[in-house]
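1. Take a look and give me a structure for this.
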Amino acid sequence: MSVTEQLGGPAARGPLPGTGGPGAGLRERAAHYALLPLRLFLGFTFLYAGIDKYTTWGPFSPMDRTTMESMLEFAEEQAAAPWLADLALENPGLFLNATSVAEIAVGAGVLLGALTRLAALGGVLLSLSFWLVISWNTEPYYFGADLPFLAGFLTLLLAGGGALSVDAALAHRNRPVFA
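-> Next up is the predicted model:
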């Protein structure tokens, strides 16, 4: 007899609420895979956004220095962080390439669930930068995409990659056999 049973704890009265009964397996599986849709959406979106800047088949392609400069100059006056826009305008080619590479790295990391928290931190920084410079003045605020991206990346930063991720596979592989 366990100590919990001897004391008349939850084990003596049956399973804890939400851990047994009809549908419990389905709820547990759904909770196990809950982060997967978020990872797929953010990963594909940022991977596509980064690759799109280097190709000729996307809606913003080819995004060149002139396009980026125009966007920044338009947004700069009413940006929450105009100094970020100024910094990017001083070196537009460098910032365009750095942003593209960062979007590809963040997208691939989140999509695969590899170093998910680090990739999510990159996504947080990118989304926050985009929001403070480009979409700060979007009215009403929920029309801008950068805040939902920021919230999604914050969720992954806090929770990690979840199921079907490289991180989870590595953690499972490195778990001691006799724990």
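2. Secondary structure class of A34, three-state.
-> Under DSSP: H, G, I helix; E, B strand; the rest coil, the three-state class of A34 is coil.
3. which ones are touching it?
-> The neighbours of A34, taking CB atoms under 8 Å, 6 or more residues apart in numbering as the test, are G162. The way it works is simple: take the backbone N, C-alpha and C, and place the C-beta from them, glycine included.
4. lowest average confidence, helix or strand, in this structure?
-> When each helix and strand of the chain is scored by mean pLDDT, DSSP states H and E, helix 10-13 comes last, with a mean of 52.
5. Tell me the pLDDT of the spatially most central residue of the chain.
-> The C-alpha lying nearest the average C-alpha coordinate of the chain belongs to F153 (CA atoms, centre = their mean; 3.0 Å). At F153 the predicted local confidence, pLDDT, stands at 95.
6. can you list contacts of the longest helix along the chain?
-> Of all segments of type helix in the chain, defined using DSSP state H, the longest is helix 92-112. With CB under 8 Å, 6+ apart as the test, helix 92-112 has contacts from 39-40, 42-51, 53-54, 63-65, 68-69, 72, 87-88, 114-116, 118-120, 122-123, 126, 153, 156, 161, 165-166.
7. which SS class is the residue nearest to the centre of the chain?
-> F153 falls in the helix class when you classify it by three-state DSSP.
8. any idea what sits nearest it, other than its immediate chain neighbours?
-> For F153, the nearest residue in space outside its immediate sequence neighbours is G123; the separation is 3.6 Å by CB to CB, 6 or more residues apart in numbering.
9. Now do the helix or strand hosting that neighbour against helix 92-112, angle only.
-> Here G123, judged by DSSP states H and E, is contained in helix 116-133. The directions of helix 116-133 and helix 92-112 differ by 140 degrees, with axes from the mean of the first three to the mean of the last three CA atoms, to 10 degrees as the criterion.
10. other SSEs contacting helix 116-133?
-> Helices and strands touching helix 116-133, as assessed by 3 or more CB pairs under 8 Å, 6 or more residues apart in numbering; DSSP states H and E, comprise helix 36-52, helix 65-76, helix 82-90, helix 92-112, helix 146-159.
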